[in-house]
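K.L.:
Let's see this in three dimensions:
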Amino acid sequence: MSLRFSSPERAEDVIEVCSLRDDALVEAPTDGPGPAVLTTRWDDVRLPPASTALQQVLERMARELVPLSELEPFWSALPRELEGALQQVLVRSLAVGGGDPLLSVVPISRTASFRPVPPRPGALHRLSRFALMRSDGDGLCIESPLSGHRVALPGIDGVRLTGCFGRASTVEDTAAELHLPAGTVRAVVSYLLAAGMLVSDGSGPDEEPGRFAEDGDPALIAWSPHDLMLHSRSRVDCHDGAHGATYPYAGRMAPEPVVKPVVAHQRVPLVRPALDRLLAQDPPMTAVLEGRRSMRQYGTEPLTLRQLGELLFRVARIRSLGSAPDVAEYGAGSSSRPYPSIGSTYALELYLTVGDCEGLECGTYHYDPVEHALRAVATGRPVAGQLLSQTRLLAGGRAEPPALITITGRFRRMTWKYSGMAYTALLKDVGVLQQTLYLVCTAMGLASCATSGGDGDLFARAAGLDWRVESSVGGFALGSLPPAEAEPAAGGMPLNGYDWPGRSAEVLRDCFSRRRRRD
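P.N.:
Now for the predicted structure:
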């Protein structure tokens, strides 16, 4: 069954109309007589002197849709600065029969430039594999990380026409399928091509018909649509969304507490190592850096509760609670911990899953960074065994690690403060936490290996979490140090080393043996 428009119109009824973005203004000068100013989210540009007619058209465009033909007489005479500013705020739309727009092309970047041209006759067109459709509250819209525009589809007719290009199709075939004049489809295709939402076959210099340039572009082949969108939307000036510490939910919902509320489970107190002992016994920082490596084999000596307590104390305890100056007015607290966190948000939680540890029952525990204690959330081998077995596969090891630290994110702790960068900021925090764990494990003589988050659903069930609120975002396996002959050798050609790993490993092993004797 072919799709039909709700009210097919003649091709000549498709007209181009335009308006200004909602955040653009045309304002008279506040410092006396003079030309008006076009104010945009990116720039403020004065209109040319004696431009009363242009000013009137722009003022109407700030309120309503205006035929593009009314703006075109001024275009060739515009100063380059004003033309660029207009490109940033000029919303171009296609309307049928004087009704609502089929689609509107909205600039979302200061580099946006929209210049539609007629599509080649007989060319195949397809939605870019990076084009994503979603609801914006007033209808559907299409976005692409490769485009400086957003295409709004306020009605079903525009959605149906655009959806036909989910597979490669020509203007003529699409017009026949929808029983539309080819001129109507051609106008829509020209807009979608100029907005970067459609791609055409044979557009490259050496490209064959039926092949699309983006499918063979070496800069794009390795990108997934979701990864590229996440990257582009977490950068400034690639979009028109808010970015940075905007506190978007201040006044609408309470901030997440600095410390996750304690659940009354079995409490296991942990050792607090003495600072003077650490200063006296730790290997030098250079030896730790040179000796750090990922280890997927473990020694026969079991981990001890004392070692786990020292590791967590040195890496993740809360040193002090307070309120940073930038969050004090919003009632959101902050803390100081050994590892850094963007904006002192500290949205990460640590859960310890133990399979073999002297002094600690097999199970999963939440780390309380205030009391420096563990609180049991799931005891017994079945769940712990599943998590540790999965970690062995993720790390590519030969044996299950004796212990696993699962790093979770309390997302609202980040999203309450940040716009446009909350999730990427949280992942950066995961990286610095894992590096801190690596360095302390190396200094303590423990084998360690960072991992990805693993099976989020399995861990959420084990820890009793709602993954939409708090979910695993990283992991860290650890155990006792394997024998020297079982350690991984450095592969490849030695570069810029200090006889690596030989000398650093010798220094570390000497430090570890001296430390064990003192302990």
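
K.L.:
What's the local residue count around the closest residue in space to Gly396 that isn't next to it in sequence?
P.N.:
Among residues not flanking Gly396 along the chain, Arg296 sits closest, at 6.1 Å (Cβ to Cβ, 6 or more residues apart in numbering). To be clear about C-beta, it is placed using only N, CA and C from the backbone, and glycine gets the same treatment. Using other Cβ atoms under 10 Å, Arg296 is surrounded by 19 other residues.

K.L.:
From Thr162, how far out is Arg296?
P.N.:
49 Å (Cβ to Cβ, to the nearest Å).

K.L.:
same question, Gly183
P.N.:
On the measure of Cβ to Cβ, Gly183 and Thr162 end up 17 Å apart.

K.L.:
more neighbours, those two?
P.N.:
Neighbour comparison, Gly183 and Thr162: the larger count goes to Thr162, with 24 against 15 (by other Cβ under 10 Å).

K.L.:
Distance check, that one against Ser104.
P.N.:
On the measure of Cβ to Cβ, Thr162 and Ser104 end up 12 Å apart.

K.L.:
which ones are touching Lys428?
P.N.:
When contacts are counted by Cβ atoms under 8 Å, 6 or more residues apart in numbering, Lys428 touches Ile342.

K.L.:
let's go with 6 Å and repeat that
P.N.:
Contacts for Lys428 (Cβ atoms under 6 Å, 6 or more residues apart in numbering) come out as none.

K.L.:
can you pull out the strands in the stretch 401-519 of the chain?
P.N.:
403-410, 418-419, 446-451, 470-480 (DSSP state E, counting those that start in this stretch).

K.L.:
so after the helix or strand of the chain with the lowest mean pLDDT, what's the next helix or strand?
P.N.:
Sorted by mean pLDDT, DSSP states H and E, the helices and strands of the chain end with helix 325-328, the least confident at a mean of 52. With elements assigned by DSSP states H and E, the helix or strand that comes after helix 325-328 is strand 334-336.

K.L.:
tell me which residues in that following strand are buried?
P.N.:
Ser334, Ser335 (16 or more other Cβ atoms under 10 Å).

K.L.:
just use 38 as the starting number from now, easier for me
P.N.:
Understood, numbering begins at 38; the last thing we discussed is strand 371-373.

K.L.:
Partner strands of that strand and their direction?
P.N.:
Using DSSP bridges, strand 371-373 pairs in its sheet with strand 357-359 (antiparallel).

K.L.:
Go through the strand it pairs with and flag the buried ones.
P.N.:
So, applying 16+ other Cβ under 10 Å, strand 357-359 has no buried residues.

K.L.:
same thing with stretch 92-112?
P.N.:
Neighbour count says stretch 92-112 has Gln92, Val94, Leu95, Glu96, Arg97, Met98, Ala99, Leu102, Val103, Leu105, Leu108, Phe111 buried, by 16+ other Cβ under 10 Å.

K.L.:
Sort out for me which of the residues you listed are in helices.
P.N.:
Judged by DSSP state H, helices contain the following of these: Gln92, Val94, Leu95, Glu96, Arg97, Met98, Leu105, Leu108, Phe111.

K.L.:
how about the closest residue to the fourth one other than its chain neighbours, phi and psi?
P.N.:
To tie it back to what came earlier, the one meant is Glu96. Nearest residue to Glu96, sequence neighbours excluded (Cβ to Cβ, 6+ apart): Val63, at 5.0 Å. Val63 adopts backbone torsions of phi -110, psi 110, taken as degrees, to the nearest 10.
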